[in-house]
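> What follows is a predicted structure for the sequence shown.
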Amino acid sequence: MRPTVIKGRPWVIVDAEGNLIDDIDTDQIYHNAYLAVTDPREMGGYAFSNLEGWGDFPKEAKPGDVLFVGENFGAGSSRQHAVDCFLALGIGAVVGRSFGAIYKRNAINSGLPLLELPEIPVAALRAFEEVTVDLESGEIRSPGGRVIARARPMSRVALEIYRAGGLLELKRL
Amino acid sequence: MGRTVIEKIFAAHTEDEVVPGKVIWLDLDARSARDFAGANVVKRFREAYPGERVADPGKTFFTFDCNAPANTIAYAQNQRICRLFAREQGIKVYDVDSGIGSHVLMEEGIAVPGATVVGTDSHLNILGAVGAFGQGMGDVDIAFAFRYGRTWFEVPPTMHIVLTGRCEFPATAKDLTLFLVGKLGSRGALGKAVEIEGEAVEVLDMAGRITLCSMATEMGAISAFLPPSDALWEFVEGATGRRDFPYPTADPDAEYIQELGLDVSGLKPMIAAPPRPDNVYVVSELEGERVDTVFVGSCTNGRYEDIRLVAEILKGRRVAPGVVLKVAPATRRVWGQLLKEGWLEVLYDAGAVITHAACAGCAQGQIGMTGEGEVQLSTGNRNFPGKQGKGPTYLCSPATAAASALLGRITSPERL
Ligand code: SF4
């Protein structure tokens, strides 16, 4: 069974001024120059390959890390690479203000947990070394165990798919 | 509590409680894959479900429309992979002779009022034109839908748009649609279902309903729904021989997340300039700009009524020297009707290049691409850079397309 409590370093995806970046599209997450890549492990190396200021992300990311993102994350094309690149890096969860509709489906179908949180406490998150995200309750906790934000919990169906390891692994309906 | 249209359709296809924001399991009346992504669906299916069968071959379809007949080897291979899978599973293929998949699903009576349909086409929400829920999805989703006949879906909130006034020629359904896309913007209806009402909608013919619903995608909407009309029932009867489908309409006490009233009386012909569908102007604002090529077709404006209107405007005249007019009917049926009634001859005499039914120019298909700097007017739904070639693309109505082809410049149809 895959864990429903994720512990990892928070990455707050902000611009040079420290503001959350909205409308990060699938081309910024995974540039179309690398669409021919078919090995999912290789895709990790291109995560955020087209997002200004975030070129080193793949080198620094560690399994379990949690992404905090702005509005309409994953807008644009339906490319699966934009989800698979984070899975390849072992990203534990993505918490965002909102997501592009197709991106949300692709992520959930591939077993990448997504949580919606309308207000992201940017400053607080950037100060923490580590956060804990409870996919079932939506609670996000500081290293000391204090609840710092409450995201919308993942839906029952999304959790079912996540636990199975992806939609195509869900063999009992 | 009352229900909106999408909530009604969902409630009839699930055991789960239908509330906006909730994720439900949805039974699907039909699932389809096109030549683009179809081969990936087959690959995913074979890997995940080796040796297994699709849930119900009678409700499972392939529609080839992106590159039909294939003019690249890659597409030819993909179509072949789909055909072989279809043969083995007993699935019907609407092959390269059929036309745009979403239109074929309506013409064949597969998408009927109240039905739920998913496929690999991002404009499948066009099925809102017949009161069906249609949704485009990725290959993983469709492989799952093929296998189980169901999918998960988050019930979207619904937005209610009431139009006042009538829009009169030269403003057509496409102008109304572009007007709405411009008003809402590409995120205006993000993640929402949209119900659009008012006289301007009630009087639309079937082609107009299709035009309006097809561009729900460009408003960011999940789907757009319109009230039923005589034109709708005539079309449904033609497709199925029946009129007794319960048409999904909202309850009087349905809950909307947003209400919007817009006055469309006196609407002028509209045009979307590059690089985005919501970059909308009144045609007269851009009048006089040079046009090199004009594409009439796509799932948005490839119906019989659309192309006949172009032929009527061009009748007895010729497109401007140096202008290439490209015409692609949406389906084989549309193409046949235009042919038999003589409209293709009119277009031929006007100098048009006519191709068979498919997405054609909209999906980088057979009717040609634009080179750098080549200005194209298209009756399609997207003008993102590169979608139809290197040149800038403007989106407009069939009437504006015809008028502009005649003069070789962006021209509002009332000028003729
Ligand atoms: S005509 Fe264009 S938008 Fe419509 S289904 Fe074909 S490719 Fe998609």
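Alright, I've got the coordinates. For clarity, every value in this text was computed on a predicted model and none was experimentally measured. Numbering: from 1, shown residues only, chains lettered A, B, ... in the order given.

> tell me which element the nearest residue to residue B:128 once chain neighbours are set aside falls in.
In space, and not counting its chain neighbours, residue B:128 is closest to residue B:213: 4.0 Å by CB to CB, 6 or more residues apart in numbering or on different chains. Heads up, the C-betas are built off the backbone N, CA and C, glycines and all. Using DSSP states H and E, residue B:213 maps to helix B:206-214.

> I'd like to know the average pLDDT value across that helix.
For helix B:206-214, mean pLDDT rounds to 98.

> Stretch B:370-380 too?
Here the average pLDDT along stretch B:370-380 is 95.

> From start to finish, how long is that stretch in a straight line?
15 Å (CA to CA, to the nearest Å).

> Would you mark the buried spots in it?
If you call a residue buried by 16 or more other CB atoms under 10 Å in any protein chain shown, then stretch B:370-380 has these buried ones: B:370, B:374, B:375, B:376, B:377, B:378, B:379, B:380.

> May I have the strands that pair with the helix or strand following the helix holding residue B:213, each with its orientation?
Moving toward the C-terminus from helix B:206-214, the next helix or strand (DSSP H and E) is strand B:223-225. Counting by DSSP bridges, the strands paired with strand B:223-225 are strand B:193-197 (parallel).

> How many residues are close by the residue nearest to residue B:128?
30 (other CB atoms under 10 Å in any protein chain shown).

> Likewise for residue A:54?
Neighbourhood size, residue A:54 [other CB under 10 Å]: 20.

> With residue A:53 instead?
When neighbours are counted by other CB under 10 Å, residue A:53 registers 12.

> for the helix holding residue B:213, packing partners?
The contact analysis (3 or more CB pairs under 8 Å, 6 or more residues apart in numbering or on different chains; DSSP states H and E) places helix B:206-214 against helix B:173-184, strand B:223-225, helix B:230-240, helix B:298-301, helix B:304-314.

> Now the closest residue to the ligand within the stretch 151-300 of chain B: closest residue in space that isn't a chain neighbour?
The ligand sits closest to residue B:299 of the stretch 151-300 of chain B, with a gap of 3.2 Å, by CB to the nearest ligand atom. Leaving out its chain neighbours, the residue that sits closest to residue B:299 by CB to CB, 6+ apart is residue B:100, at 4.9 Å.

> contacting residues around the residue nearest to residue B:128?
Residue B:213 makes contact with B:125, B:126, B:127, B:128, B:129, B:223, B:224, B:225, B:226, according to CB atoms under 8 Å, 6 or more residues apart in numbering or on different chains.

> Hmm, the fourth one is touching residue B:116, no?
Think residue B:128. No: between residue B:128 and residue B:116 there is no contact, the gap being 11.9 Å when judged by CB atoms under 8 Å.

> Compare those two (neighbour count), which wins?
residue B:128 (30 against 24).

> Show the pLDDT at that one.
So, for residue B:128, pLDDT stands at 98.

> same thing with residue A:172?
So residue A:172 comes in at 68 (pLDDT).

> where along chain A do the helices fall?
For chain A, the helices defined by DSSP state H occupy A:26-29, A:40-43, A:57-60, A:81-89, A:101-110, A:122-127, A:156-164.

> neighbours around the nearest residue to residue A:165 once chain neighbours are set aside, how many?
Distance criterion CB to CB, 6+ apart; nearest residue to residue A:165, sequence neighbours excluded, is residue A:111 at 5.3 Å. Residue A:111 is flanked by 20 other residues according to other CB under 10 Å.

> Also residue B:203?
If we define neighbours as other CB under 10 Å, then residue B:203 has 15 of them.

> so what's residue B:166 up against?
Contacts of residue B:166 by CB under 8 Å, 6+ apart are B:199, B:200, B:203, B:264, B:265.

> swap the cut-off to 7 Å and go again
B:199, B:200, B:203, B:265 (CB atoms under 7 Å, 6 or more residues apart in numbering or on different chains).

> Of these, which are in range of chain A?
Among the contacts of residue B:166, not one lies near chain A by CB under 7 Å from any CB of the partner chain.

> which stretches of the chain aren't confidently modelled?
All of this refers to chain A. A:172-173 (pLDDT under 70).

> 80 instead, please
Applying pLDDT under 80 to chain A flags residues A:1, A:76-78, A:172-173.

> With the stretch 301-416 of chain B instead?
Applying pLDDT under 80 to the stretch 301-416 of chain B picks out residues B:364-365, B:386-387.

> Around the ligand, pick out the residues from it.
B:359, B:362, B:363, B:380, B:381 (CB under 6 Å from any ligand atom).

> What residues does the fourth one make contact with?
If I follow you right, that is residue B:380. Applying CB under 7 Å, 6+ apart, the residues contacting residue B:380 are B:295, B:298, B:300, B:362, B:395.

> ok, which stretches of the stretch 301-416 of chain B are helices?
B:304-314, B:332-340, B:343-350, B:398-407 (DSSP state H, counting those that start in this stretch).

> List of residues touching the second one?
For helix B:332-340, the external contacting residues (CB under 7 Å, 6+ apart) are B:97-99, B:107, B:302-304, B:307-308, B:329, B:344, B:356-357.

> Please repeat the previous calculation with a cut-off of 8 Å.
Residues contacting helix B:332-340 (CB under 8 Å, 6+ apart): B:97-99, B:103, B:107, B:302-304, B:307-308, B:311, B:329, B:344, B:347, B:356-357.
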